[in-house]
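>>> The following block contains a protein sequence and its predicted model.
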Amino acid sequence: MTNRRFDLAIIGGGINGCGIARDAAGRGLGVFLCEQGDLGSATSSASTKLIHGGLRYLEHYDFKLVRHALTERERLWAIAPHIIWPLRFVLPHRKGLRPAWMLRLGLFIYDHLGGRKMLPGTETLRLTTNPLGAPLHDVSAVGFEYSDCWVQDNRLVVLNARDARSKGADIRVRTRCIEARRENGEWLVTVEDTETGEQETIRARALINAAGPWVDQVLSSTVKLKAPGSLRLVQGSHIVVNKLYDHDRCYIFQNPDGRIFFSIPYEEDFTLIGTTDQDFKGELSNVRASEKEIAYLCEAASSYFNKTIAPGDVVWSYSGVRALFDNGAENAQKTTRDYVLTLDDENGAAPLLSVFGGKITTFRCLAEDALERLAAIFPDWTRHAGWTATKPLPGGDFPVGGAGTLAAHLRRDYPFLSEKEARRLVKHYGTDARIILGRAKSAADLGRDFGGSLTEAEVLFLMQREFTLCAADIVWRRTKSGLRMTTEEIETLDLWMTDYRKDMAKPLMKQAG
C-alpha cells in the first residue's frame with residue numbers, strides 16, 4: 001500500500017538519523033525512519049564515547065569544528081546528565097614528541113574557544129609527585145589536565161529515537177530501504193522487514209539519506225543517483241582490558257606516528273583503549289578490530305603504562321567505520337570530521353538531503369542544519385526550531401551534577417540495591433530507573449537474573465521501550481552487561497527473548513485468525 005504519507009522519511013538509525021527524527025517530530029512533522037539493523041548498531045556504537053571538541057583537530061587548524069563541538073559539550077550534558085558526565089583528561093608530555101609549550105598553547109585555545117561555563121579549565125601537573133603520574137613510565141615531569149565529557153553512545157542514539165517516537169515518529173528497526181523514487185512531487189519509499197520479508201511503501205515530501213558508511217550505496221543502488229562527493233571510510237578500533245588504575249581520570253597519549261589514543265575508565269571495572277585511525281576497504285557487514293590493530297593498541301598502551309598489556313589481556317574489542325567527506329587529506333587522521341550536507345532538489349523535484357561525516361558531539365547541530373536546509377523549501381518546517389537545545393532526553397529530567405543524589409534516592413527507596421547497582425541504573429536510565437524498579441521490594445521482585453546484574457525487569461523495559469530484539473542489542477549496546485556475562489548466559493538471554501517475542505505474537509495471531 002502507498003497511502004501512508006509523511007513529511008519526512010529518513011534512511012539510517014544512527015545518531016544523525018535519530019537526531020534528525022527527534023528534532024523534526026518535535027516540530028510537528030510526520031516522520032518515518034528505517035534502520036536496517038539495530039539502532040546505532042554500526043558507527044554510532046563504536047565511538048570512543050567522548051563528547052569533546054577534539055583537541056587534536058586544532059593541529060589541523062579546524063577551529064570552526066572545534067568551536068562548534070566545544071559549544072555543544074555542556075548543552076548536551078544539560079539535556080542528558082544521566083548518560084553524559086564530565087571527565088578530566090591527563091595529557092603527559094613525552095620528550096621527542098609535541099613540545100610542552102605547544103600542548104599548553106593548544107589547551108589554552110581549547111579552554112577559551114567556545115562555550116565552557118561549568119567544566120573546569122586546564123591545570124599543569126608535576127607527574128613525578130602527583131599520583132596521576134604513578135601508573136606511567138617514560139614521560140616527562142610535566143603534564144596537563146583538562147576537561148571534556150563522556151557519553152553512553154548507543155543510549156544517546158536510542159533516547160533520541162524514543163523521544164522522536166513519543167512525538168509521533170514511526171521508527172522501524174530491522175527494516176531495510178530497498179527502493180526510493182520520485183513520483184508526482186513526492187518520494188515513494190519501499191521498505192522491507194529483514195526478519196519477515198514483508199514490504200511496505202510510504203510517501204514522503206522529503207527524503208534524508210543518513211546511512212553513514214552506506215550513504216554512497218543508498219545513493220547509487222536505492223535512490224539511483226550519483227554521489228555528489230567522494231566518501232572516505234575510516235576505521236577506528238578499541239580494546240577493553242581489566243582496570244589499569246584506580247582513579248577516575250582519562251589519559252590522552254601521543255604516539256610517535258603522530259596519532260593520539262585514549263585510556264578511559266570504563267564500566268567501573270575496566271579500561272577502554274583506543275582508537276586507531278586507518279582507511280577501510282573491507283566489507284561493511286564485517287567490521288572487526290584486526291589482530292594488527294589490537295597489537296598496535298596493546299603496544300602503544302604498554303609504552304606508557306608500567307603494566308605491560310598483551311592481546312591476551314583484551315576482554316573485548318569493537319570497531320566501527322566512519323563515513324567522512326573526503327577533503328583530499330593525505331591520511332585518515334587529517335581527514336575532516338566536520339559534516340557535509342548535500343541537497344538534490346533540481347527543478348523543484350522532491351528534495352533529497354544526504355549526510356556525510358560528522359561527530360557524535362555535533363549531531364544535534366547537524367539535525368538543526370539539515371532541517372534548516374529543507375525549511376528553505378518547506379517554510380512551515382521552521383516552527384519550534386532550536387527546541388532540542390534545552391529539552392531533556394528521556395530520563396534526563398534532573399539537574400546537571402545530580403546523578404549521585406538520584407542514585408542515593410534510589411538506594412533509599414529500594415534498599416536491596418547495592419551502591420554499584422544504583423549507580424549503573426542511573427547512568428543508563430536516569431529517572432527512568434524507577435520505571436524498571438517499579439514496586440519491587442526485593443531483588444527477587446525484578447524477576448530472573450540473567451547475569452551481569454541484568455534482570456528480567458530491565459530486559460522487559462528494553463524490549464518494550466527501546467527497540468531491542470535480541471541479546472546483542474542489550475548486552476553490547478544498550479548496556480555493557482556482556483562484559484560480566486558468560487557466553488552461555490548471553491545465549492540463554494537470547495533464547496528467552498525469542499520465546500518472549502513468540503508468546504507476545506500469539507494473541508495477535510489468534511486475533512488476526
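Received it, and whenever you're ready, just let me know what you need.

>>> For the helix or strand bottoming out on mean pLDDT in the chain, name the packing helices and strands.
The helix or strand of the chain with the poorest confidence is helix 487-512; it has a mean of 82 (mean pLDDT, DSSP states H and E). The contact analysis (3 or more C-beta pairs under 8 Å, 6 or more residues apart in numbering; DSSP states H and E) places helix 487-512 against strand 449-451, helix 456-465, helix 471-472. Backbone N, C-alpha and C define where each C-beta goes, glycine included.

>>> just how off-centre is the last one within its chain?
Think helix 471-472. Remark: helix 471-472 is offset 17 Å from the chain centroid, using C-alpha atoms, centre = their mean, to the nearest Å.

>>> ok, back up a step: with distance to I79 added, can I get the helices and strands packed on helix 487-512 in JSON lines?
Output for the helices and strands packed on helix 487-512, formatted as JSON lines (distance: least, C-beta to C-beta, whole Å):
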{"stretch": "strand 449-451", "distance to I79": "31"}
{"stretch": "helix 456-465", "distance to I79": "19"}
{"stretch": "helix 471-472", "distance to I79": "28"}
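
>>> ok, back up a step: so for the least confident helix or strand of the chain, what gets flagged as buried?
By neighbour count on 16 or more other C-beta atoms under 10 Å, the buried set for helix 487-512 is 489-490, 492-494, 497.

>>> do stretch 464-481 as well
Buried residues in stretch 464-481 (16+ other C-beta under 10 Å): 465-481.

>>> so A69 touches L58, yeah?
No: using C-beta atoms under 8 Å, A69 is not in contact with L58, being 11.2 Å away.

>>> So if I had to pick from those two, which one is more boxed in?
A69 (27 against 19; other C-beta atoms under 10 Å).

>>> Please name the nearest non-neighbouring residue to A310.
C298 (5.8 Å; C-beta to C-beta, 6 or more residues apart in numbering).

>>> Looks to me like that neighbour is in a strand.
No: judged by DSSP: H, G, I helix; E, B strand; the rest coil, C298 forms no part of a strand; its state is helix.

>>> Spit out the contact partners of it.
239, 309-311, 313-314 (C-beta atoms under 8 Å, 6 or more residues apart in numbering).

>>> Can you say which of those are buried?
Using 16+ other C-beta under 10 Å, the buried ones in the contacts of C298 are 239, 309, 313-314.

>>> Those in strands, which ones?
Within the buried ones among the contacts of C298, residues falling in strands by DSSP state E are 239, 314.

>>> Y296 against D277, yeah?
No: using C-beta under 8 Å, Y296 is not in contact with D277; the gap is 10.8 Å.

>>> okay if I get the helices and strands packed on helix 487-512 as TSV plus mean pLDDT and distance to L50?
Converted to TSV, those look like this (pLDDT from 0 to 100; distance: least, C-beta to C-beta, whole Å):
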stretch	mean pLDDT	distance to L50
strand 449-451	97	29
helix 456-465	98	24
helix 471-472	98	23
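
>>> Identify whichever of those lies nearest to T48.
helix 471-472 (20.6 Å; C-beta to C-beta).

>>> Would you mind pulling up the elements that that closest one packs against?
helix 487-512.

>>> Any idea how far the helix it packs on is from the middle of the chain?
28 Å.

>>> Give me the angle between that helix and helix 456-465.
Counting by axes from the mean of the first three to the mean of the last three C-alpha atoms, to 10 degrees, helix 487-512 lies at 50 degrees to helix 456-465.

>>> need the contact list for the residue nearest the centre of the chain.
Centroid-nearest residue in the chain: D153, 2.9 Å away (criterion: C-alpha atoms, centre = their mean). Shown in contact with D153 (C-beta under 8 Å, 6+ apart): 15, 40, 44-45, 47, 49, 360.

>>> For PyMOL, write the select line for the buried members of those residues.
Isolation of the buried members of the contacts of D153 (16+ other C-beta under 10 Å) is achieved in PyMOL through the command below:
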select buried, resi 15+40+44+45+47+49+360
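
>>> So which residues of the stretch 101-250 of the chain form strands?
Listed in chain order, the strands found in the stretch 101-250 of the chain under DSSP state E, counting those that start in this stretch are 123-126, 142-151, 170-172, 175-183, 186-193, 199-209, 231-242, 250-254.

>>> Dig out what N209 forms beta bridges with.
Per DSSP bridges, the residues bridged to N209 are I11, S354.

>>> Check the burial of it by counting its neighbours.
For N209, using other C-beta under 10 Å, the count is 29.

>>> residues in contact with it?
N209 neighbours (C-beta under 8 Å, 6+ apart): 11-12, 215, 218-219, 223, 352-355.

>>> Relative to F416, which of those is nearest.
G12 (41.1 Å).

>>> residue boundaries of the helices in this structure?
Under the criterion DSSP state H, the chain carries helices at the ranges 15-26, 63-79, 100-112, 153-166, 215-217, 291-302, 363-375, 403-413, 419-429, 433-437, 456-465, 471-472, 487-512.

>>> Go through the fourth one and flag the buried ones.
Of all the residues in helix 153-166, those buried under the rule 16+ other C-beta under 10 Å are 153-165.

>>> Hmm, V158 is touching S41, no?
No: V158 lies out of contact with S41 (C-beta under 8 Å); the separation is 10.6 Å.

>>> Next, show the common contact partners of those two.
Common neighbours of V158 and S41 (C-beta under 8 Å, 6+ apart) do not exist.

>>> Quick one: end-to-end distance for stretch 468-475.
Stretch 468-475 has an end-to-end distance of 10 Å (criterion: C-alpha to C-alpha, to the nearest Å).

>>> Actually, stretch 5-23.
End residues of stretch 5-23 are separated by 19 Å (C-alpha to C-alpha).

>>> quick one: E372 and A385 touch, right?
Yes: in terms of C-beta under 8 Å, E372 counts as a neighbour of A385; the distance is 7.2 Å.
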